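Colleague: Provide a 3D model corresponding to the input given below.
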Amino acid sequence: MRIMFLGDVMGRAGRAAITHHLPKLRQEWRLDFVVVNGENATGGMGLSGNHAKLILEAGADVITLGDHAFDQKDMLQFSEQEPRIIRPLNFSKSAPGKGARVFAATNGRKVLVAQVLGQVFMKRPFDDPFSAVDTVMKAHPMGGMVQASLIDMHCEATSEKMAMGHYCDGRASIVVGTHTHVPTGDAQILNGGTAFQTDAGMCGDYNSVIGMEKTEPLRRFITGMPKDRFSPALGDATLSGLYVETDDRTGKATRVEMVRQGGRLAPAGPN
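Modeller: Now for the predicted structure:
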């Protein structure tokens, strides 16, 4: 199966990158299944129902959220109505929506998508992510109920993301990190057959401070004093993520590549 995961969509620039590049990528790369992390797509904080619809219409099969899952209040209701929205498993026991679901890919194949929040350096003390993921994976073994599975590990610490990759190795097709908005260069297939990247990066303008227009973050770092609200940078965005091919029989990854389309981080062509 050909699966693509795209990192945190950041504001208007990120949405534009998704709507411009994703339809072509689905066709040209003959993608069977696409997951997009959309938790910063609306003003850099959360995801509105209207912007979720835009990302789904552009070609996403599933949208994952994160610690800003419900910053946009209409997502409280929209996530209950739209099964293609996945919020973190361990966000809150009273949170609406689901943290894991099985979805249909091409040719009737089944894909499990789950998201979990880490604990290290996060602003809130979320429940244990490892036990939450373990319960889901035990209920959906690869090669049985599902042909592939993807875990979105949304957290700050690279060590915690890497630990989750090794914890799921051989039990999930893909473990990919989100949240820090900066892509890491460690895309690999772990010993047990799980494709892993510590952070997929963002779909946003990299001429920025993690997707935000530079002036206010710089002021706060230099002076320690806030003046204005953060606002997403609006320049040409890079679409960042991970491409994985999996074996339908075992669910294990057979190929993994980092994705860069458009913007400042796109690979340079030959001279």
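
Colleague: Let me see the contact set for the residue nearest to the spatial centre of the chain.
Modeller: What sits nearest the mean C-alpha location of the chain, by Cα atoms, centre = their mean, is N37, with 3.4 Å. Shown in contact with N37 (Cβ atoms under 8 Å, 6 or more residues apart in numbering): 5-9, 63-66, 152, 154, 178, 200. In short, each C-beta sits where N, CA and C put it, glycine included.

Colleague: what's the answer for A132, then?
Modeller: Taking Cβ under 8 Å, 6+ apart as the definition, contacts of A132 comprise L89, N90, G99, V116.

Colleague: Next, give phi and psi for the closest residue to the third one other than its chain neighbours.
Modeller: When you say that, I think you mean G99. Distance criterion Cβ to Cβ, 6 or more residues apart in numbering; nearest residue to G99, sequence neighbours excluded, is L89 at 3.2 Å. The phi/psi pair for L89 (degrees, to the nearest 10) reads phi -60, psi -40.

Colleague: pLDDT value on L89, please?
Modeller: For L89, the model assigns a pLDDT of 95.

Colleague: burial of it, as a residue count?
Modeller: Residues lying near L89 (other Cβ atoms under 10 Å) number 22.

Colleague: pLDDT below threshold where in the stretch 101-250 of the chain?
Modeller: By pLDDT under 70, the stretch 101-250 of the chain has no low-scoring segment.

Colleague: which residues of the protein fall in helices?
Modeller: 11-28, 49-58, 75-81, 129-139, 158-168, 215-223 (DSSP state H).

Colleague: picking up where we left off before, for the contacts of A132, pick the one with the most neighbours.
Modeller: Of these, with other Cβ under 10 Å as the count, V116 tops at 25 neighbours.

Colleague: measure that one to R87 for me?
Modeller: From V116 across to R87, the span is 10 Å (Cβ to Cβ, to the nearest Å).

Colleague: Overlap in contacts, the two.
Modeller: In contact with both V116 and R87: G99, using Cβ under 8 Å, 6+ apart.

Colleague: circling back to that earlier point, Provide a list of residues in contact with the residue nearest to G99.
Modeller: G99, A100, A114, Q115, V116, L117, P129, A132, V133, V136.

Colleague: between those residues, which is closest to L47?
Modeller: Taking Cβ to Cβ as the measure, L47 lies nearest Q115 of the contacts of L89, at 12.9 Å.

Colleague: okay, now the closest one: neighbour count?
Modeller: Using other Cβ under 10 Å, Q115 has 31 other residues around it.

Colleague: Touching, it and G99? I think so.
Modeller: Yes. Counting by Cβ atoms under 8 Å, G99 is a contact partner of Q115 at 6.1 Å.

Colleague: Report the buried residues of stretch 124-132.
Modeller: F126, P129, F130, A132 (16 or more other Cβ atoms under 10 Å).
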